[in-house]
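1. would you be able to build a 3D model of this:
(3 chains)
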Amino acid sequence: MPELPEVEVVRRGLERWVSGRTVAVVQVMHPRAVRRHEAGGDDFAARLVGHRFGTARRRGKYLWLPLADTDASVLGHLGMSGQLLVQPEDAPDEKHLRVRFRFDDPLGTELRFVDQRTFGGLSLHDNTPDGLPDVIAHIARDPLDPAFDDAAFHTALRLRRTTVKRALLDQSLISGVGNIYADEALWRTRLHYDRPTATLTRPRTAELLGHIRDVMNAALAVGGTSFDSLYVNVNGESGYFDRSLDAYGRENLPCRRCGTLMRRRPWMNRSSYYCPHCQRPPRTTA
DNA sequence: ATTCAATCCTGTCGGC
DNA sequence: TGCCGACAGGATTGAA
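-> Alright, predicted model coming up:
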C-alpha cells in the first residue's frame, strides 16, 4: 500500500531509469488502468509517441512525468497495488501488466505499469502554470515539501469540525499520509484517532507534523514499506520498513512504549491501530 | 459550506 | 476440500 515514502522511492527510480528517454510505443492492455484519461487508451498511447519524458515529479501520492517541450504530463497513481517496473524488453509479461512503454533507444529496457487491483492508473493532462497536472491542483502540498505551511495547516485543523485521523487522510489538507503512517504518527504523538482537530494546540500540531516527517523519512531511508509483497519499487525490490512499524498491524501485541496490548478498531471501512493506554480516547459529549 | 458514506477491484485468508 | 465472507484501502462522487 504505497504512501508517500514508497511513491518517492518510485519517483527516484523513474528519474534514474526513465527520465530523458523518448517514447516509441505505448501498449494499453487494460482500459481500466487509463480510465482517468477520458479520451481513451488509444488516444493516450498516440499522444505519447515521439515525446521525451522530463524529470519525474511527485506531490503526495501522485507522481508525474512531464512531456518535454509540451505543457502536458503523464500522471500516475499507484492505488493500493500499483507498481512501476523497469524491465528488460524480453522479460515475460507480469500477470497483471496493464500498460507498457517502449523507448526509441538501445537500452533494452521498458517501463511497465502493473496493478492487480486496478485502483491505480495513468492519464495525460495539461499542466497548470506551476507545472502541476491540472486534475491534482486541489491536492495539498505534502509534509516533505519545503513549501508546506505548518502554521496554515494548524489554522485549518482548528477551523475544521472533524477528527484528527480523518484530517490526516484528507489530501486537500495534507497529502501523502495514508492509513499506515497516520497510525504510526498518532502513536508517536500519543494522540487518539478520534481527537477533535479543534482541540489541538499549536505545539501539539507541531509535534504531530514532526512525527509524520520522522516516520516518513525513516521509511524513505529503507526504501519504503511493504506488507503483502504487492508493492515493489521501480526495479522490483520490496521495501522492508514494515519491520519497524510501531502501531499498524500490531493488534494484541504489546505497545513498544508501555507494554499494554494494542487494539484494532474498525474505522471508515478500514482499521485503526492504537495503544489504549498511551492514546486515550477523547471525552465524549454523550 | 462542509462532512461523510458509498463505490471501485481482486486476491488471500480464516472459519465452517 | 471447498465455499463464503471479511478484509486490504485512496480518491472520487454525490448526498446530507
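
2. counting by contacts, list what the longest helix along chain A packs against.
-> Ordering each helix of chain A by length in residues (DSSP state H) puts helix A:202-221 first. Here helix A:202-221 touches helix A:4-17, helix A:150-159, helix A:179-189, going by 3 or more Cβ pairs under 8 Å, 6 or more residues apart in numbering; DSSP states H and E. All C-beta spots, glycine's among them, are computed from the backbone N, C-alpha and C.

3. may I have the longest one as CSV, with CA atoms only?
-> The C-alpha atoms that make up helix A:4-17 are tabulated as CSV, following Å, rounded to 0.1, in the frame of the first residue of the first chain:
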residue,chain,number,x,y,z
LEU,A,4,4.4,9.0,0.3
PRO,A,5,7.7,7.3,1.0
GLU,A,6,7.0,4.4,-1.3
VAL,A,7,5.9,6.8,-4.1
GLU,A,8,9.0,8.9,-3.6
VAL,A,9,11.1,5.7,-4.0
VAL,A,10,9.3,5.0,-7.3
ARG,A,11,9.8,8.7,-8.4
ARG,A,12,13.6,8.3,-7.8
GLY,A,13,13.6,5.1,-9.8
LEU,A,14,11.7,6.8,-12.7
GLU,A,15,14.1,9.7,-12.6
ARG,A,16,17.1,7.4,-12.9
TRP,A,17,15.8,4.9,-15.4
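
4. how close does residue A:189 sit to residue A:4?
-> Residue A:189 sits 17 Å away from residue A:4, going by Cβ to Cβ, to the nearest Å.

5. who has more neighbours out of the two?
-> When residue A:189 and residue A:4 are compared on other Cβ atoms under 10 Å, the one with more neighbours turns out to be residue A:4, at 24 against 21.

6. just checking, that one touches residue A:61?
-> Yes: the pair residue A:4 and residue A:61 qualifies as a contact (Cβ atoms under 8 Å) at a distance of 6.2 Å.

7. where does pLDDT dip in chain A?
-> Scanning chain A for pLDDT under 70 picks out the ranges A:1, A:223-243, A:284-286.

8. taking it, what residue is nearest to DNA strand C?
-> Relative to DNA strand C, the nearest point of chain A is residue A:178 (3.3 Å; Cβ to the nearest atom of the strand).

9. what about stretch A:21-39 and DNA strand B, any contact?
-> Yes: using Cβ under 7 Å from any atom of the strand, stretch A:21-39 reaches DNA strand B at residue A:32.
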